[in-house]
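S.K.: Provide a 3D model corresponding to the input given below.
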Amino acid sequence: MQELLDKKKSDILTPEEVIELETIGELDNIFSYINTVIAAQANGHS
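M.R.: Now for the predicted structure:
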């Protein structure tokens with residue numbers, strides 16, 4: 001992950017690496033949402 005971010009800063013990502021980094025970002029958003037839902041349920045909210 002850090003290698004991809006470093007390459008992005010240097011603007012030397014390959015097209016495949018761009019897709020990989022975007023996919024990781026999407027997964028991060030999904031897991032953040034899941035964690036938010038779980039935390040809300042644990043606190044008695046639905």
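
S.K.: For the protein, give me the ranges with low pLDDT.
M.R.: Applying pLDDT under 70 to the predicted model, the residue ranges of the chain that meet it are 46.

S.K.: where exactly do the helices run in it?
M.R.: With DSSP state H, the ranges of helices along the chain come out as 2-9, 15-42.

S.K.: any chance of those in a markdown table, plus mean neighbour count?
M.R.: Yep, even glycine has a C-beta here, placed from its N, CA and C like the rest. Output for the helices of the chain, formatted as a markdown table (neighbours: other CB atoms under 10 Å):
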| stretch | mean neighbour count |
| --- | --- |
| helix 2-9 | 11 |
| helix 15-42 | 11 |
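
S.K.: Phi, psi for residue 44 please.
M.R.: Listed backbone geometry of residue 44 is phi 90, psi 10, with angles given as degrees, to the nearest 10.

S.K.: Let me know how buried it is, in neighbour terms.
M.R.: As a burial measure, residue 44 scores 6 neighbours (other CB atoms under 10 Å).

S.K.: next one: residue 13
M.R.: 17.

S.K.: For it, grab phi and psi.
M.R.: The phi and psi values for residue 13, taken as degrees, to the nearest 10, are phi -70, psi 140.
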